[in-house]
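[1] sequence isn't available, so here's the structure alone:
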């Protein structure tokens, strides 16, 4: 008798992830935990725009960052066993016509906010209706009938929730859904910056600092040669994907800001931790007022301007605006960094869906411009998670549900459903010949 040779276990799939931002790290971490062999390629330091720099005791994100508590990021992080550590941001002021007043955080405060003239406060029905039941079309169309002060306040709330400064390039439903998420769940400022998420997401991964020159299904070209893979994942911005694949990933609207980040030895006016421009697309937030981002006694301040397509910021404008809310800050500067324009995320263009996660067989994409779930970092987390699900699903052979037999094939006899289950065979027998002296098990309508 011949002894059969033992069957060798199948080799783990090799997945190459191009891009070590949030989406790429989420996808790679999920795949590696499932047993795949994963290689991450990125010419820059892992983290992408979630990278946090340490300087003079300050933890400095690349622009103002906040994590939505009710979004997809929390769901994915929880599934990976990562608990975000931070503080919920509360309160804040808005500035309109040079006057600073508390921002509304509910219907009652909307009716009493000094950011709206008395007549506009009581004409809020269109705004409430639009937020609860977003109309189709652009944000500009949805708020065209609002009074000017109400329109400005609505645009300001959309800006701070989505980073989008152009209502003609923002889908109304996407905008108002994000505003609802901000109002109902709030945002978290993370202790230690977003590096506190990047570090556990990259733990155990093989990350190579290489520049990728071209990508096609099953093959990645780098400056050092070619890498073969069972699947390739593109976790890069749309412009980079276009240059690597030669294909157009589709139209998205880009959100961008000009940002001034300051490390101060102390905060001149502690009573003003947050100001949102209502009639101007400006933003000021003392992130260290909520999260541990500065040395004891110090303050980490982010000032930003929301930019339209093709627009560049000017540092003088941000510095002058900060003079009005934190006078004396110029004498307290420990650290200063200004970025005239930084891409925040990609939004779906009005009336159009964002690109899906499948580029071609064996070639996937993920990022903040991908998929139909969430905006900003939530979209990156959700699409990275979805790509991992799609790749892992390829490993699972299709199988019939244990609760019902497989569907019949043409030309084959197919036994009755009840023949598969003794219990139902008994039910069928009772149904065909019920014992009326004891009462039927089922109502007569089901017999």
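    Yes, it's here. This structure is a prediction, so every number in the text was calculated from the model and none was measured.

[2] when you work out contacts or count neighbours from here on, use the C-alpha atoms and nothing else.
    Noted.

[3] I'd like the average pLDDT over stretch 216-227.
    In this model, stretch 216-227 carries a mean pLDDT of 94.

[4] quick one: the residue nearest to the spatial centre of the chain and residue 268, what's the gap?
    The centre of the chain sits closest to residue 378, judged by Cα atoms, centre = their mean, with a distance of 1.6 Å. If you measure residue 378 against residue 268 using Cα to Cα, to the nearest Å, the figure is 34 Å.

[5] which SSE is the residue nearest to the centre of the chain in?
    helix 376-393 (DSSP states H and E).

[6] tell me where the chain is predicted with low confidence.
    For the chain, applying pLDDT under 70 flags the ranges 1-11, 106-111, 119-123, 396-447.

[7] how about 80 then?
    Under the criterion pLDDT under 80, the flagged ranges of the chain are 1-12, 104-114, 118-128, 131, 395-447.

[8] what's the domain layout of it?
    As assigned by automatic domain parsing, the chain contains the domains 10-51+194-251+352-397, 93-187, 417-446.

[9] tell me which of these is the most buried.
    domain 10-51+194-251+352-397 (a mean of 20; mean count of other Cα atoms under 10 Å).

[10] quick check: end-to-end length of stretch 275-287?
    12 Å.

[11] give me the contact list for it.
    Stretch 275-287 is contacted from outside by 92-97, 100, 152-153, 155-156, 159-160, 165, 189, 273-274, 293, 299-307, 318, 322, using Cα atoms under 8 Å, 6 or more residues apart in numbering.

[12] residue 161 should be in a helix, yeah?
    Yes - assessed with DSSP: H, G, I helix; E, B strand; the rest coil, residue 161 lies in a helix.

[13] picking that back up, and the domains of the chain: which comes nearest residue 81?
    Across the domains of the chain, residue 81 has its closest neighbour in domain 10-51+194-251+352-397 (9.5 Å, Cα to Cα).

[14] name the helix or strand for residue 153, please.
    Here residue 153 is assigned to helix 148-162, by DSSP H and E.

[15] and that helix, what does it pack against?
    When contacts are defined as 3 or more Cα pairs under 8 Å, 6 or more residues apart in numbering; DSSP states H and E, helix 148-162 packs onto helix 118-121, helix 172-185, strand 274-277.

[16] that older thread, can the domains of the chain go into a markdown table with extra columns for distance to residue 336?
    Putting the domains of the chain into a markdown table (distance: least, Cα to Cα, whole Å) gives the following:
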| stretch | distance to residue 336 |
| --- | --- |
| domain 10-51+194-251+352-397 | 17 |
| domain 93-187 | 22 |
| domain 417-446 | 73 |
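
[17] how about those, which one is nearest residue 313?
    Of these, nearest to residue 313 by Cα to Cα is domain 93-187, at 12.6 Å.

[18] for the helix holding residue 378, what is the distance to the chain centroid?
    Relative to its parent chain, helix 376-393 has a centroid offset of 10 Å by Cα atoms, centre = their mean, to the nearest Å.

[19] now swap in stretch 250-269 and tell me
    The answer for stretch 250-269 is 18 Å, by Cα atoms, centre = their mean.

[20] and it, which residues are buried?
    250-268 (16 or more other Cα atoms under 10 Å).

[21] sitting in helices, which of these do you find?
    Residues of the buried residues of stretch 250-269 located in helices (DSSP state H): none.

[22] secondary structure element holding residue 221?
    Per DSSP H and E: strand 219-222 holds residue 221.

[23] mind listing the strands that strand pairs with, and their directions?
    Next to strand 219-222 in the sheet, as set by DSSP bridges, lie strand 212-216 (antiparallel), strand 225-228 (antiparallel).

[24] okay, those in a markdown table with distance to residue 20 next?
    Formatted as a markdown table, the strands paired with strand 219-222 follow (distance: least, Cα to Cα, whole Å):
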| stretch | distance to residue 20 |
| --- | --- |
| strand 212-216 | 12 |
| strand 225-228 | 17 |
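
[25] can you tell which of these is closest to residue 12?
    The nearest among the strands paired with strand 219-222, by Cα to Cα, is strand 225-228 at 13.7 Å.

[26] helices and strands around whichever helix or strand comes after that closest one, which ones?
    Downstream of strand 225-228, the next assigned helix or strand under DSSP H and E is strand 231-234. Counting contacts by 3+ Cα pairs under 8 Å, 6+ apart, strand 231-234 is packed against strand 14-18, strand 363-365.

[27] that older thread, gap between the strand holding residue 221 and the chain center?
    With Cα atoms, centre = their mean, you get 28 Å for strand 219-222.

[28] neighbouring contacts of it?
    With Cα under 8 Å, 6+ apart, strand 219-222 has contacts from 16, 210, 211, 212, 213, 214, 215, 226, 227, 228, 229, 232.

[29] dump those to a markdown table, plus distance to residue 285.
    As requested, these are exported to a markdown table (distance: Cα to Cα, whole Å):
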| residue | distance to residue 285 |
| --- | --- |
| 16 | 38 |
| 210 | 36 |
| 211 | 36 |
| 212 | 37 |
| 213 | 39 |
| 214 | 40 |
| 215 | 40 |
| 226 | 46 |
| 227 | 44 |
| 228 | 46 |
| 229 | 44 |
| 232 | 39 |
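
[30] from memory residue 65 sits against residue 189, does it?
    Yes - counting by Cα atoms under 8 Å, residue 65 does reach residue 189; the two are 7.3 Å apart.

[31] between those two, who's got more neighbours?
    The neighbour comparison of residue 65 against residue 189 (other Cα atoms under 10 Å) goes to residue 189, with 25 against 20.

[32] following the helix or strand that contains that one in sequence, what is the next regular element?
    Residue 189 belongs to strand 187-190 when assigned by DSSP H and E. Following strand 187-190 in sequence order, the next helix or strand is helix 195-202 (DSSP H and E).

[33] got the contact list for that next one?
    By Cα under 8 Å, 6+ apart, the list of residues contacting helix 195-202 reads 22, 25-26, 29, 46-47, 50-52, 82, 84-85, 190.

[34] then stretch 358-367?
    Under Cα under 8 Å, 6+ apart, the answer for stretch 358-367 is 22-24, 216-218, 230-237, 356-357, 379-381, 383-384, 387.

[35] now residue 372, nearest residue through space, not along the chain?
    residue 354 (6.5 Å; Cα to Cα, 6 or more residues apart in numbering).

[36] what sits against that neighbour?
    250, 251, 252, 347, 348, 369, 370, 371, 372 are the contacts of residue 354 under Cα under 8 Å, 6+ apart.

[37] now with 7 Å, please.
    252, 348, 369, 370, 371, 372 (Cα atoms under 7 Å, 6 or more residues apart in numbering).

[38] wait, the fourth one sits on residue 347?
    No - between residue 370 and residue 347 there is no contact, the gap being 8.8 Å when judged by Cα atoms under 7 Å.
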